[in-house]
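K.L.:
Starting from these lines, generate the structure:
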Amino acid sequence: MIVAADASFLVSLYGGDWNTPAARAWMAASAEPVLLTGALRFESENALRLACFRSRITAAELAKALADIADDLDQGILVEAALAAEMHWEECRRISAAQTLSTGARAYDITHVAAAVLLGAEVFLSFDGRQRQLAVQMGLKVEP
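P.N.:
You can find the predicted model right below:
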């Protein structure tokens, strides 16, 4: 099974919020690695830094979260997945044209769903309601 995620899932998994127990439970129950695109890593790490800026997490918690992401990459829990930029942007444009008027999908949400589709993901991990709706519309099973 190929698993993709969005930043809401990874920030909950590594940063600690009300969705953290569900994110950790899903990861503990699954033996599948989660794909990590460059865009997803950037958005997740930036969201964690922003959480620290806004005093939602401490500098020590930020450092641990970033180190945990790096460790999970080293251990194969997260797997880097590269996409050709032109192909990715074309898929983003296609999804936007087909879905934004009906789902209200935001641009960065589309980038993650487009990546999941292009990478052949079957499962999409997200806590974002709008992004979950978009993923379902694109044929992905949404969890947790």
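
K.L.:
contacting residues for residue 17?
P.N.:
Applying CB atoms under 8 Å, 6 or more residues apart in numbering, we find residue 17 in contact with 11, 56. For glycine as for every other residue, the C-beta is placed from the backbone atoms N, C-alpha and C.

K.L.:
In terms of helices and strands, where is residue 111?
P.N.:
helix 107-118 (DSSP states H and E).

K.L.:
cool, and residue 13?
P.N.:
helix 7-15.

K.L.:
swap in residue 124?
P.N.:
Per DSSP H and E: residue 124 is located in strand 123-125.

K.L.:
Tell me which helix or strand comes right after that strand.
P.N.:
Toward the C-terminus, strand 123-125 is succeeded by helix 129-137 as the next helix or strand (DSSP H and E).

K.L.:
As PDB, could you dump the C-alpha coordinates of that following helix?
P.N.:
Taking C-alpha atoms only, helix 129-137 is exported to PDB below (Å, rounded to 0.1, in the frame of the first residue of the first chain):
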ATOM      1  CA  GLY A 129     -11.500  18.700   6.100                       C
ATOM      2  CA  ARG A 130     -11.300  20.400   2.800                       C
ATOM      3  CA  GLN A 131      -8.200  18.500   1.800                       C
ATOM      4  CA  ARG A 132      -9.800  15.200   2.800                       C
ATOM      5  CA  GLN A 133     -12.800  16.000   0.600                       C
ATOM      6  CA  LEU A 134     -10.500  16.800  -2.300                       C
ATOM      7  CA  ALA A 135      -8.500  13.600  -1.800                       C
ATOM      8  CA  VAL A 136     -11.700  11.500  -1.800                       C
ATOM      9  CA  GLN A 137     -12.800  13.200  -5.000                       C
END
